[in-house]
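S.K.: here are the coordinates; sequence isn't available:
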């Protein structure tokens, strides 16, 4: 049974940086394409970034491009480095895994999800 566990969420001041981690167990990370989504209070879950193990296969939402970086830390861990955080980045961040990047922005197709980690950006 593949399990994803996020960590690293906390409260941070606007303008600061934070790195989230997603650790995969029960499966092989390289069998999946990984992504981060987030859900703010009262809003739908939205795509943040996706990673297909090469720089050419890395995608970002417009809100994340230039500020966030998704990368692989080791055989079992994917990171999301977030810089220049603003109040609109406050959300629960979820790690997700799917077999391919086709349709990577869409929630259907992701086979595994973590429980989420809360990021709160304060002024």
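M.R.: Received it, and whenever you're ready, just let me know what you need. For clarity, every value in this text was computed on a predicted model and none was experimentally measured.
S.K.: spell out which helix or strand contains the residue nearest the centre of the chain, please.
M.R.: The centroid of the chain falls nearest to residue 36 when counting by CA atoms, centre = their mean (2.2 Å). Assigning secondary structure by DSSP states H and E places residue 36 in strand 33-39.
S.K.: partner strands of that strand and their direction?
M.R.: Looking at strand 33-39 with DSSP bridges, its partner strands are strand 46-51 (antiparallel), strand 91-98 (antiparallel).
S.K.: for the chain, what spans make up the helices?
M.R.: In the chain, no helices are defined using DSSP state H.
S.K.: if we can go back for a sec, tell me what the residue nearest to the centre of the chain is bridged to.
M.R.: Assessed by DSSP bridges, residue 36 has beta-bridge partners residue 49, residue 95.
S.K.: again, but for residue 6
M.R.: Per DSSP bridges, the residues bridged to residue 6 are residue 22.
S.K.: thought it was touching residue 21?
M.R.: Yes. Contact criterion CB atoms under 8 Å: residue 6 and residue 21 qualify, at 6.9 Å. From N, CA and C alone the C-beta is placed, and that goes for glycine too.
S.K.: looking at the two, which is more packed in?
M.R.: Set residue 6 next to residue 21 and count neighbours by other CB atoms under 10 Å: residue 6 wins out with 22 against 16.
S.K.: report pLDDT for that one.
M.R.: The predicted local distance difference test score for residue 6 is 98.
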